[in-house]
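K.L.:
After the sequence you'll find the predicted model.
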Amino acid sequence: MTAGGLRGLFGKVREALFPSRKAPAQTATQAGHVRTRKYGGSTKAPAAAYGVSARTVQRRVDGTRHPAGRHREKLRLDAVEVQTTERGRERKARQPAELGPHSGITARVGRTRTFEIQGSDAVRARDIHLALTGGQAAALALAQDEGEMREIIGQALADHFNGGGGYGGFSADDFDCDADDFDLS
């Protein structure tokens, strides 16, 4: 994990697609950006979202308090989310979509301990390298949460194992992957 990096599939994909739009390293800066950009400068709204008092949010913005545990991870995810605008995501989505089936964006899914095909226990250890289509890369750029990203990657895996023609009978629901064993380039 990099200094401004995130854990989780959502953070990895966002950082790969938008390399200049990483979360700030300091939690005070993250809290300030989230309060200003996501909640319109209100202190009460992020307090309600995080389950803390408004004064705690003010202290986090001032830098005198730092979030712990799940609040830290949620703050990092929110900070990455506010670094990109809707218009920026749409512009980034148009670039690979114009390239068609060969977007030039590849994903590596590690299959050693995390990759599962439902209904099959005979899975050998290897990495799967997926060449994402322009539509899949565009959908990743527009995805709003980790669930959408998992669905898109699951569909890419299904297309890979079906040979592109649907011969294998796999669907996106048949696949799941671990975010710690996933790379996008």
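P.N.:
Arrived safely. Residues are numbered from 1 along each chain as shown.
K.L.:
counting contacts, what elements does the longest helix belonging to the chain pack onto?
P.N.:
Using DSSP state H to define each element, the chain has its longest helix at helix 146-161. When contacts are defined as 3 or more C-beta pairs under 8 Å, 6 or more residues apart in numbering; DSSP states H and E, helix 146-161 sits against helix 9-17, strand 106-110, strand 127-131, helix 134-142, strand 175-176. In this view, the C-beta of every residue, glycine as well, is placed from N, C-alpha and C.
K.L.:
quick check: domain ranges of the chain?
P.N.:
In the domain annotation for the chain, the residue ranges read 22-83, 88-184 (automatic domain parsing).
K.L.:
Which of those domains sits closest to Ala16?
P.N.:
With C-beta to C-beta as the measure, domain 88-184 is the member of the domains of the chain nearest Ala16 (3.9 Å).
K.L.:
follow-up on the earlier one: could you export the helices and strands packed on helix 146-161 as JSON lines, including distance to Val52?
P.N.:
What follows is the helices and strands packed on helix 146-161, written out as JSON lines (distance: least, C-beta to C-beta, whole Å):
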{"stretch": "helix 9-17", "distance to Val52": "22"}
{"stretch": "strand 106-110", "distance to Val52": "36"}
{"stretch": "strand 127-131", "distance to Val52": "40"}
{"stretch": "helix 134-142", "distance to Val52": "31"}
{"stretch": "strand 175-176", "distance to Val52": "33"}
